[in-house]
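A.B. asks: how does the following fold in three dimensions:
(one chain, ligands or ions: 1)
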Amino acid sequence: MARVVVLGAGIAGHTAALHLRRLLAPGHEVVVVSPNSQWNWIPSNIWVGVGRMAAADVTFPLAPVYQRQGIDFRQARAVAIHPEGSGEDPTPQVEVESTAPDSAGTRSRITYDYLINATGPRLNFAATPGLGPTGHSLSVCTYGHAEEAARAFAEVLARLERGERQTLVIGMGHGLCTCEGAAFEYTFNVEHELRVRGLRDRAEVVYLTNEAELGDFGVGGMFFQQQGFITSSRLWTESLFTERGVRPILGAHVQRVEPGRIHYETLDGTEAVQPFDFAMLLPPFRGAELQAFDRAGHDISATLFAPSGFMKVDAAYGAKPYDEWRAEDWPRTYQSPAYPNLFAVGIAFAPPHPISRPRTSVRGTPIAPAPPRTGMPSGVMGRTVAQNLAGMIQRGEAGPRRHASMAEMGAACIASAGAGMRSGTAAAMTMFPVVPDYQRYPRFGRDVGDTYGEIGLAAHWLKHILHHVFIYKAKARLGWALLPE
Ligand SMILES: Cc1cc2nc3c(=O)[nH]c(=O)nc-3n(C[C@H](O)[C@H](O)[C@H](O)COP(=O)(O)OP(=O)(O)OC[C@H]3O[C@@H](n4cnc5c(N)ncnc54)[C@H](O)[C@@H]3O)c2cc1C
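C.D. replies: Purely as a prediction, here's the structure:
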């Protein structure tokens, strides 16, 4: 009988664990290790951050779901992987540190036959001095951060109501951030809330981003076919910014954040200061702080992980010029080349290269979005690895057979641009594939027929419905496995 340990209960890990439990016969064990007792539908943190939803609307306790499903849940943080075991015991093990209230800080080891690393991002606020909730800016990356942002936003609204002018800056807190879509969503939700309250004219809204042009979203932008014409995400996004009066600062690296002042540099080498009354700036991401040791206790972290802390999988990590990168460089099975019983999915795997063109400022500062790994691909990777492990464990398959390359899969994303059942809007986007493939689609790198964008009220309804659908699914309610990732 096999034991599969899943590190992380986010979109990728939770999806993998639920599918594993569904696919594996009862004698096999599925263990989930995650430091937070709650599951969080992160995309809706945007609505928590403007006060439209409470944290309780975007979270639920994991333990009852896992108990009902027969999954062993350990509320703990993984700290080290011992893929060869240690000392006398060659059984692979993971060292964890409890975060449960009654045993916090206690370390123990869990042995495994297969390990899935789905630890997502470490929010690297430390990369920029003064960035983040312990510094001088806000975040919506966790539901706790989003609640704090909502409180600060309520104060801004109060000041505007008193007739004061306010500057709100939203965007990326470092030149190498990812997740531009989330900053875009928060910008337009904030702008929408100001407008529906009649306070917009006293507020300046600034979008500060490391993207060289609007509509890049970390995927190098998109071309859509719309009503027989080809249009770009740049054109589409620029018109939204013009229509809503949001001022973009493009190609920017935030050097430091001081109270009320953001110091930044742009691609042309200009150094400037942006004053603010309210700033929500996302941090760059790193991999979780996991270490790895061989059986003799030697540190093999550099073998398992890229310098970014993300785990190396079946990708081509060799250095080469941007134009020589190929779709086939992207991982397909998420299996570690070093240890075949080790996998990394979602944000936890190390991407082989950026999707947006890498750029450096004239001062030599790298300023370009890191590759996003959004919810849908993260869920698909989690499910695919679960299916592969079920095949290997129960049907004797020699290795992973099913593939989930981001260069072979499409993704759908609905970016909220303001909540409200009658006044809301959202931008619905699909693209195929996520990672452009210029060998297959020489002109635009993607299939323009399957790449699509539309903005309107209907997309907001869809986003709202999906909020409920994905929480229903994550609670493993009746028929959950039929719902797509
Ligand atoms: C504000 C915001 C809005 C977003 N909106 C969208 C959207 O609209 N659409 C979309 O597709 N994507 C969106 N995303 C991206 C989406 O949230 C991510 O793609 C997705 O969460 C990635 O899934 P994951 O499982 O890799 O990571 P996560 O969902 O972050 O899960 C990581 C898990 O690992 C756990 N963990 C961390 N460290 C350890 C450790 N040491 N040991 C064990 N467990 C650990 C965490 O507690 C968590 O449970 C948004 C992201 C943000 C920040």
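A.B. asks: can you tell me the SS state at the spatially closest residue to residue 247 that is not a sequence neighbour?
C.D. replies: Closest residue in space to residue 247, ignoring its immediate chain neighbours: residue 206 at 5.0 Å, by Cβ to Cβ, 6 or more residues apart in numbering. Using the backbone N, CA and C atoms, a C-beta is placed for each residue, glycine as well. Classification of residue 206 using DSSP: H, G, I helix; E, B strand; the rest coil returns strand.
A.B. asks: repeat that for residue 79.
C.D. replies: Here residue 79 is strand, with the state taken from three-state DSSP.
A.B. asks: got a pLDDT number for it?
C.D. replies: Note on residue 79: pLDDT of 98.
A.B. asks: can you pull the contacts of it?
C.D. replies: 95, 96, 97, 107, 289, 290, 291 (Cβ atoms under 8 Å, 6 or more residues apart in numbering).
A.B. asks: what about the fifth one, distance to the ligand?
C.D. replies: Spelled out, that is residue 289. Distance of residue 289 to the ligand, computed by Cβ to the nearest ligand atom, to the nearest Å: 7 Å.
A.B. asks: what's the closest non-adjacent residue to that residue?
C.D. replies: Closest to residue 289 by Cβ to Cβ, 6+ apart is residue 122, at 6.4 Å.
A.B. asks: residue contacts, the one you found?
C.D. replies: 285, 286, 287, 288, 289, 309.
A.B. asks: 10 Å instead?
C.D. replies: Contacts for residue 122 were tallied using Cβ atoms under 10 Å, 6 or more residues apart in numbering; they are 283, 284, 285, 286, 287, 288, 289, 290, 308, 309, 310, 347.
A.B. asks: equivalent analysis for residue 3, please.
C.D. replies: Residue 3 neighbours (Cβ under 10 Å, 6+ apart): 28-31, 72, 91-92, 110-115, 393.
A.B. asks: still on that earlier bit, filter the contacts of residue 122 down to the buried ones and express that as a PyMOL selection.
C.D. replies: This is the PyMOL syntax for the buried subset of the contacts of residue 122, where burial follows 16 or more other Cβ atoms under 10 Å:
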select buried, resi 283+284+285+286+287+288+290+308+309+310+347
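A.B. asks: return the subset of the contacts of residue 122 lying in strands.
C.D. replies: 285, 286 (DSSP state E).
A.B. asks: from the contacts of residue 122, which one has the minimum pLDDT?
C.D. replies: The member of those with the lowest pLDDT is residue 289, at 89.
A.B. asks: what about that one, distance to residue 306?
C.D. replies: 14 Å (Cβ to Cβ, to the nearest Å).
A.B. asks: quick check: residues of the protein near the ligand?
C.D. replies: 7-13, 33-36, 42-43, 45-46, 77-78, 118-121, 140-141, 179, 182, 288, 346-348, 373-376, 378, 413 (Cβ under 6 Å from any ligand atom).
A.B. asks: in helices, which of those fall?
C.D. replies: 11, 12, 13, 45, 46, 182, 375, 376, 378 (DSSP state H).
A.B. asks: quick revisit: show me what the residue nearest to residue 289 is bridged to.
C.D. replies: Assessed by DSSP bridges, residue 122 has beta-bridge partners residue 286.
A.B. asks: pLDDT score assigned to the closest residue to the ligand within the chain?
C.D. replies: Relative to the ligand, the nearest point of the chain is residue 10 (1.7 Å; Cβ to the nearest ligand atom). Turning to residue 10, the model gives it a pLDDT of 98.
A.B. asks: nearest residue to it other than its sequence neighbours?
C.D. replies: Residue 10's closest residue in space is residue 120 (Cβ to Cβ, 6+ apart), at 4.8 Å.
A.B. asks: equivalent analysis for residue 338, please.
C.D. replies: In space, residue 338 is closest to residue 303, 5.2 Å off (Cβ to Cβ, 6+ apart).
A.B. asks: tell me where the stretch 101-250 of the chain has strands.
C.D. replies: Secondary structure of the stretch 101-250 of the chain (DSSP state E, counting those that start in this stretch): strands at 107-111, 114-117, 122-123, 166-172, 203-208, 223-226, 229-232, 247-249.
A.B. asks: what residues sit buried inside the second one?
C.D. replies: It stands for strand 114-117. Applying 16+ other Cβ under 10 Å to strand 114-117 flags 114, 115, 116, 117 as buried.
A.B. asks: doesn't residue 325 make contact with residue 371?
C.D. replies: No - the pair residue 371 and residue 325 fails to qualify as a contact (Cβ atoms under 10 Å) at a distance of 11.1 Å.
A.B. asks: quickly list what's touching both of the two.
C.D. replies: By Cβ under 10 Å, 6+ apart, the residues touching both residue 371 and residue 325 are 352, 353, 354, 355, 435.
A.B. asks: contacts only, for the first one.
C.D. replies: In this structure, residue 352 makes contact with 306, 312-318, 320, 325-326, 328-331, 371, 407, 435, judged by Cβ under 10 Å, 6+ apart.
A.B. asks: do that again at 7 Å, thanks
C.D. replies: Taking Cβ atoms under 7 Å, 6 or more residues apart in numbering as the contact definition, residue 352 lies against 315, 316, 317, 329, 330.
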